[in-house]
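Asker: Fold the stuff below for me.
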Amino acid sequence: MTFATTDLCDDHPQLLEDGRLAVLPPVFQHYGLRRTFCGRVTTLKVFEDNALVRSTLEAPGNGNVLVIDGGASLRRALVGGQLALLAQDNGWAGIVVDGCVRDSDEINACDIGVRALGAHPQKSAKKGDGERNARIVICGVPVNPGDWVYADADGILIAQQKLATLM
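Answerer: From the prediction side, this is the model:
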């Protein structure tokens with residue numbers, strides 16, 4: 001995979017200006033072995049309940065990135081080591097969580113890129129509440145199913161179209 005978020009921003013000023021390319025605020029922590037990842041967006045909107053996260057990650061990821069609007073909750077974790085392993089094994093490129101993760105050592109051993117607001121030891125509820133493949137807003141940035149995520153050490157971009165040539 002050959003891209004740098006800095007270069008993508010430099011190469012696409014018009015997309016940044018008109019909103020077709022956006023930068024998420026620098027509030028996300030890095031987990032997992034992949035510091036750089038990208039893929040088409042699959043969205044979830046949940047709050048302190050990760051049953052839909054599990055069922056989504058059980059499906060083939062096909063190199064996609066799961067973007068979870070967790071309401072920025074810092075009270076429970078939405079992704080743990082088992083789900084990161086499931087995502088890795090099912091071909092997901094990454095997970096972006098507007099919320100927390102747990103089992104960070106286990107996640108850090110998985111060949112997947114994960115970004116989250118932080119780590120929290122408490123597990124989430126398992127009721128199945130939430131929405132799949134809906135328009136969500138992460139830190140003020142709209143994210144739609146089918147958008148593209150580009151993440152590296154410098155940040156996370158949300159693009160309405162594919163930007164980088166992947167190798």
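
Asker: other SSEs contacting the longest helix along the chain?
Answerer: Scanning the chain for the longest helix, with DSSP state H as the assignment, gives helix 81-89. Counting contacts by 3 or more C-beta pairs under 8 Å, 6 or more residues apart in numbering; DSSP states H and E, helix 81-89 packs against helix 51-57, strand 94-101, helix 104-108. The way it works is simple: take the backbone N, C-alpha and C, and place the C-beta from them, glycine included.

Asker: Deepest-packed of those, please.
Answerer: Highest mean neighbour count among the helices and strands packed on helix 81-89 (mean count of other C-beta atoms under 10 Å): strand 94-101, with a mean of 27.

Asker: Could you name the helices and strands sitting against it?
Answerer: Applying 3+ C-beta pairs under 8 Å, 6+ apart, we find strand 94-101 packed against strand 37-45, strand 65-69, strand 77-79, helix 81-89, strand 113-119, strand 148-152.

Asker: Can you give the distance of the last one from its chain's centre?
Answerer: For strand 148-152, the separation from the chain centroid amounts to 9 Å (computed by C-alpha atoms, centre = their mean, to the nearest Å).

Asker: now the protein, which segments are flagged as low pLDDT?
Answerer: The chain contains residues with pLDDT under 70 at 1, 164-167.

Asker: before we move on, the earlier item: possible to save the helices and strands packed on helix 81-89 as JSON lines with distance to Gly39?
Answerer: Below are those laid out as JSON lines (distance: least, C-beta to C-beta, whole Å):
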{"stretch": "helix 51-57", "distance to Gly39": "13"}
{"stretch": "strand 94-101", "distance to Gly39": "7"}
{"stretch": "helix 104-108", "distance to Gly39": "18"}
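
Asker: Which one, of those, ends up nearest to Thr2?
Answerer: Closest approach to Thr2 among the helices and strands packed on helix 81-89 (C-beta to C-beta): strand 94-101, 16.4 Å.

Asker: Adjacent strands (with direction) for the closest one?
Answerer: Paired neighbours of strand 94-101 in the sheet (DSSP bridges): strand 65-69 (parallel), strand 77-79 (parallel), strand 113-119 (parallel).

Asker: The last one vs helix 81-89, what angle?
Answerer: For strand 113-119 against helix 81-89, the angle by axes from the mean of the first three to the mean of the last three C-alpha atoms, to 10 degrees is 160 degrees.

Asker: does the spatially most central residue of the chain have beta-bridge partners, and which?
Answerer: Closest to where the C-alpha atoms of the chain average out (C-alpha atoms, centre = their mean) is Val96, at 1.8 Å. Going by DSSP bridges, Val96 is paired in beta bridges with Val67, Arg115.
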